[in-house]
Each structure stands twice: as structure tokens, then as C-alpha cells.
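coords please:
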Amino acid sequence: TQLTVSDVGCIISQEYLDRLQSKKEIQGVYLANSLQQGFIYHALNQGEVDDAYIVQLLWRYNTSLDIDLLKQAWECAQARFPTLRLRFGWDEELIQIIDTKGQLDWRYLDLSTEKNDQLREEAIKNIQQEDRQKRYDLSSGSLLRLYLIKEREDRYRFMLSNHHAILDGWSNPILLGFVHDVYSQLQQGQPIKSEVEQSYTNAQQYLQTHKGDHTDYWKSRIATLEDRADLSGLCSKQRVNLYDYNHIKDPCIADVAITGSVYQDLKQLCQQEGITLNAVTQYVWHKILSIYSYSDKTVVGTIASGRNLPVDDIERSVGLHINTLPLIVDHSKPQSVTAQLKQIQHDINEINIRSGVDLGTLQQGGERLFATLFVFENYPDQVGESALAITSEDSIEKLDYPLGVLAYEERGKLLFKLQYAGEIFSP
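Next up is the predicted model:
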């Protein structure tokens with residue numbers, strides 16, 4: 001069935017729409033959301049030389065598998081979730097195009113004949129590296145690759161590789177939970193329901209219809225900034241403008257763990273004052289930036305889940321819903337630490353409530369508002385729960401920001417993962 005411009009909200013011309021559906025049947029066309037717009041610009045400007053935003057999620061099956069049924073389960077997932085059939089266009093507007101049918105990029109590799117564990121691990125590392133060198137073409141679709149690697153009869157490694165433009169961290173356990181449920185049903189010979197998920201496209205339609213709702217709020221917040229904090233004092237190897245630095249040559253990671261009584265005291269403070277660990281960890285990062293930049297105001301790119309929209313079942317939706325927006329902290333006010341923490345928590349809540357705005361409209365002249373990112377993960381293990389014997393192994397993603405902080409709780413600890421450009425900063 002051919003779509004007309006009225007079917008897609010008149011966001012592009014009929015001529016362009018006809019070109020898009022000349023070779024593939026299309027389910028729908030929507031404006032690219034805020035983060036997707038950034039990914040399109042990144043792909044066009046430096047996608048050929050930079051593997052940022054290729055996400056690799058790895059896990060191990062400690063059991064025998066029916067390979068054909070697992071592949072079939074992934075095909076069911078692609079049919080159910082529109083985001084797995086996405087491609088992008090930018091000839092007129094920046095748009096996301098949902099094809100009616102997707103083509104699964106499934107790759108099965110048998111390494112079980114290699115009996116040397118070290119050589120087999122090296123082969124798997126090479127597969128990871130080769131995948132990172134294969135850039136995704138955002139305009140052609142097939143923005144995920146699935147690798148099933150047989151190590152022996154009762155052990156397999158799986159790697160889900162995708163461009164970040166189609167999935168966020170909240171989506172992964174939902175997606176993989178569906179795949180493993182369908183696999184179990186196929187094993188038992190049960191019929192599979194073939195319903196297409198509506199919440200992702202409904203969310204994109206909502207964002208498209210309400211894209212200007214919070215612009216005034218955000219512009220008033222940005223107007224309070226006089227100058228961007230000078231963070232060059234953090235650079236120990238070479239002094240650069242961190243706001244302009246977007247091609248990380250040597251991505252590095254440093255880990256910090258808060259454990260024992262300090263962790264327990266933090267938890268108790270949060271409980272007593274009615275604040276979250278997210279607010280506490282954000283405060284710590286902003287305070288560090290304030291000290292090193294000698295600035296009374298700090299701005300950090302903060303991740304909003306994007307799941308506060310009035311859309312049915314959005315909490316179970318698979319796709320890229322998150323947005324990155326500025327959290328501004330004023331250090332000049334004579335406030336107690338507790339008052340500052342509560343203000344930060346209030347501002348984080350505002351970010352989540354008002355996340356339906358395009359970051360690009362807030363950044364004048366294309367200049368970044370912030371040079372660092374902060375993510376507080378409060379979703380479950382990305383591999384999710386399953387009746388299968390699964391061991392979660394690794395999640396790899398390179399940023400195009402020189403500094404990023406990932407904070408999360410795990411097994412009675414508060415963990416910080418600092419991602420930084422090794423060519424600029426010393427460990």
C-alpha cells in the first residue's frame with residue numbers, strides 16, 4: 001500500500017515520499033526525535049571515521065540451543081517492534097522511516113572446533129573489533145546485527161550490535177525478554193501472537209504533535225547562562241576546547257566504587273531527606289566541575305528516560321525514547337547541601353517531565369551547551385530475566401563527548417564508570 005503525505009502528517013513532500021517507498025513498502029514516517037537528529041548529524045559529519053554510537057551488548061548462553069528457533073524468535077521481534085525496521089532520511093526534514101518488513105542480519109559462527117580457550121577468546125574479540133569497523137548506513141536500514149557464536153555444544157556467545165539511534169538501555173531487557181519468551185514458546189510448539197507494538201510509533205507521533213510545548217521553558221533556563229564554564233583545566237595532556245571536541249581517539253574507562261559504611265550512610269541520607277541517589281551523584285559531579293572550572297554555574301548533559309509521555313504501554317516500548325538535556329546547577333546560592341540536593345532532584349524531575357524538546361533548537365549556532373554527559377542507570381540488567389541459563393558479559397558503547405559518567409547501584413555498591421578521552425586526560 002502506497003502512503004500519501006496526509007498519511008505522514010504532511011512532514012515531507014509527496015515526491016520525496018514516493019522515492020522512499022519506491023523499493024520498499026513503508027509502515028510510517030515520523031520526524032526524527034531529538035537524539036536521532038544528533039546521530040544523523042554525527043553520521044554525516046564523521047561517521048566514516050568514528051565508531052561512536054555503535055552499541056555492542058554481549059552475553060553467554062550456558063546451555064544447548066536450537067539455532068533455527070532462536071533466529072525465528074528474533075524474526076518475530078523484528079516483526080513486532082517497528083524500531084527494528086527503522087531507517088532514516090534527511091533530504092527535506094530529518095525523518096525516521098519504518099519499513100513494513102525488515103531484513104534480519106543474522107550471523108552464525110561455529111568456533112567449537114577451536115579447543116584452545118585463549119585462541120577462541122581472541123577470535124571473539126576480533127569479531128567484536130571487525131563489527132565496530134562496519135559502519136551503519138542510517139539511510140538503508142538493517143541497523144542491528146546479530147551474532148551467535150558456538151563455543152561448544154552447551155555454550156554459545158551472543159552479540160547484539162546496533163546503532164544507538166534505534167535502541168536505548170531501557171529497551172534492551174524488554175526486547176531480549178520478548179525474544180527469549182518467544183523462543184520458549186516455539187520450543188513448546190505454541191502459536192506466536194503477531195501483534196505489532198504501537199507504543200513506539202504513538203510516542204513519535206506525540207512528540208511530533210507537541211514538539212513546541214516546552215520550548216519556552218527551556219529557552220528561559222538557557223537564558224540564565226552567561227558563559228560556558230571553562231573546563232580546559234581538566235585537560236592534563238593537551239588543552240582543548242572540550243565543547244568542540246567530538247571525535248574521541250582513545251576511549252578509556254575508569255571505575256570507582258562506593259561501598260561499606262559510606263554507601264550505607266548515603267542510602268540512609270536519601271531515605272531521611274526523601275532524595276534519590278541520582279540527585280546525590282549528580283551533585284557530586286557538578287561540584288567537581290565547579291571546582292575545576294572556577295565556575296558558579298555548571299551544565300551537564302543529563303539523560304531523560306523519555307517515558308513520561310501520556311502514551312499507553314510506553315514503559316514496555318522498545319526503541320530510542322531517551323533524550324539528553326542540560327541540567328544547570330547554580331553554586332552561588334547560599335544553600336545547605338541538603339537544599340541543593342533537593343533543588344537538583346526537582347530539576348531532574350522537570351527534565352523528565354519536559355523531555356519532549358529538540359536539543360538542537362536550544363544550542364545556538366550548533367555550539368554544545370555541555371561538554372560532559374551523566375547517566376544514572378536505574379533499569380534492570382540489560383540482558384533481562386529468562387528461563388535460559390544466561391550470563392551477562394559486557395556492554396560497549398563509545399561516546400562523542402570527551403567526558404561521560406555512568407552511575408548505578410549493584411549488589412550493595414554504588415558504582416561510577418568514567419568514560420574519558422585518553423588523548424586528553426590522564427587516568
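
low-confidence bits of the stretch 1-150 of the chain, can you list those?
Within the stretch 1-150 of the chain, not a single segment meets pLDDT under 70.

just the strands in it please.
26-31, 54-61, 86-89, 95-99, 106-110, 144-152 (DSSP state E, counting those that start in this stretch).

the stretch 301-427 of the chain too?
Using DSSP E, counting those that start in this stretch, strands in the stretch 301-427 of the chain cover 323-330, 372-377, 390-396, 403-409, 414-421.

Pro427 is nearest to which of those strands?
strand 414-421 (8.2 Å; C-beta to C-beta). C-betas here are computed from N, CA, C, even on glycine.

note down every partner strand of the closest one and its orientation.
For strand 414-421, the paired strands and their directions (DSSP bridges) are strand 251-258 (antiparallel), strand 403-409 (antiparallel).

dump the residue contacts of the residue nearest to His42 when sequence neighbours are not counted.
Nearest residue to His42, sequence neighbours excluded (C-beta to C-beta, 6 or more residues apart in numbering): Asp400, at 6.0 Å. By C-beta atoms under 8 Å, 6 or more residues apart in numbering, Asp400 lies in contact with 42, 46, 50, 52-53, 246-248.

for those residues, which one is nearest Val299?
Out of those, the member with the shortest distance to Val299 (by C-beta to C-beta) is Asn246, at 16.5 Å.

can you tell me which residue is nearest the centre of the chain?
Residue closest to the mean C-alpha point of the chain, counted by C-alpha atoms, centre = their mean, is Asp168 at 3.7 Å.

how near is that residue to Ser261?
34 Å (C-beta to C-beta, to the nearest Å).

re the thing from before, who wins for neighbours among the contacts of Asp400?
Top of those by neighbour number is Ile248, holding 23 neighbours under the definition other C-beta atoms under 10 Å.

these two touch, right, that residue and Ala421?
Yes. Counting by C-beta atoms under 8 Å, Ile248 does reach Ala421; the two are 4.6 Å apart.

any chance of a markdown table for the strands of the stretch 1-150 of the chain, columns distance to His163?
As requested, the strands of the stretch 1-150 of the chain are exported to a markdown table (distance: least, C-beta to C-beta, whole Å):
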| stretch | distance to His163 |
| --- | --- |
| strand 26-31 | 17 |
| strand 54-61 | 6 |
| strand 86-89 | 9 |
| strand 95-99 | 12 |
| strand 106-110 | 16 |
| strand 144-152 | 8 |
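
which stretch among these comes nearest Thr324?
Closest among the strands of the stretch 1-150 of the chain, using C-beta to C-beta: strand 54-61, at 15.2 Å.

tell me how far that closest one lies from the chain's centre.
14 Å (C-alpha atoms, centre = their mean, to the nearest Å).

what helices and strands are in contact with that strand?
helix 117-133, strand 155-163, strand 390-396 (3 or more C-beta pairs under 8 Å, 6 or more residues apart in numbering; DSSP states H and E).

return the most buried member of the ones you listed.
strand 155-163 (a mean of 22; mean count of other C-beta atoms under 10 Å).

same for the helix or strand just after that strand, what does it pack against?
Using DSSP states H and E, the next helix or strand after strand 155-163 towards the C-terminus is helix 171-187. Applying 3+ C-beta pairs under 8 Å, 6+ apart, one finds that helix 171-187 contacts helix 67-80.

and if we set it to 10 Å?
With contacts defined as 3 or more C-beta pairs under 10 Å, 6 or more residues apart in numbering; DSSP states H and E, the packing partners of helix 171-187 are strand 54-61, helix 67-80, strand 155-163, strand 390-396.

buried sites along the second one?
This means helix 67-80. Of the residues in helix 67-80, 70-80 count as buried by neighbour count, 16 or more other C-beta atoms under 10 Å.

coming back round to it: format the strands of the stretch 301-427 of the chain as TSV; extra columns: mean pLDDT.
Shown next, in TSV, are these (pLDDT from 0 to 100):
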stretch	mean pLDDT
strand 323-330	96
strand 372-377	94
strand 390-396	80
strand 403-409	93
strand 414-421	94
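
closest to Ile275 out of these?
Nearest to Ile275 among the strands of the stretch 301-427 of the chain is strand 372-377 (12.6 Å), distances taken as C-beta to C-beta.

which strands and helices sit next to the closest one?
helix 277-293, strand 297-304, strand 323-330, strand 403-409, strand 414-421.

so which of these is the most surrounded?
Using mean count of other C-beta under 10 Å, strand 297-304 ranks as the most buried of the helices and strands packed on strand 372-377, with a mean of 22.

and it with strand 403-409, angle?
Here the directions of strand 297-304 and strand 403-409 differ by 60 degrees (axes from the mean of the first three to the mean of the last three C-alpha atoms, to 10 degrees).

strand 297-304 pairs with which strands, parallel or anti?
Strand 297-304 is paired, per DSSP bridges, with strand 323-330 (antiparallel), strand 372-377 (parallel).

other residues contacting stretch 337-344?
269-270, 272-276, 278-283, 286-287, 302, 327-331, 333, 335-336 (C-beta atoms under 10 Å, 6 or more residues apart in numbering).

and of the helices and strands packed on helix 171-187, who's closest to Arg19?
strand 155-163 (22.4 Å).

closest to Ser194 out of the contacts of Asp400?
Scanning the contacts of Asp400 for proximity to Ser194, where the rule is C-beta to C-beta, the winner is Tyr53, at 30.8 Å.

rewinding a little: just send the helices and strands packed on strand 372-377 back as CSV, with distance to Ala123 too.
Shown next, in CSV, are these (distance: least, C-beta to C-beta, whole Å):
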stretch, distance to Ala123
helix 277-293, 38
strand 297-304, 35
strand 323-330, 36
strand 403-409, 29
strand 414-421, 27
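
of those, which approaches Gln36 most closely?
Of the helices and strands packed on strand 372-377, nearest to Gln36 by C-beta to C-beta is strand 323-330, at 10.0 Å.

now the closest one and helix 277-293, what's the angle there?
Angle between the axes of strand 323-330 and helix 277-293 is 60 degrees (criterion: the same axes, to 10 degrees).

closest to Thr100 out of the helices and strands packed on strand 54-61?
Nearest to Thr100, of these and by C-beta to C-beta, is strand 155-163 at 20.1 Å.
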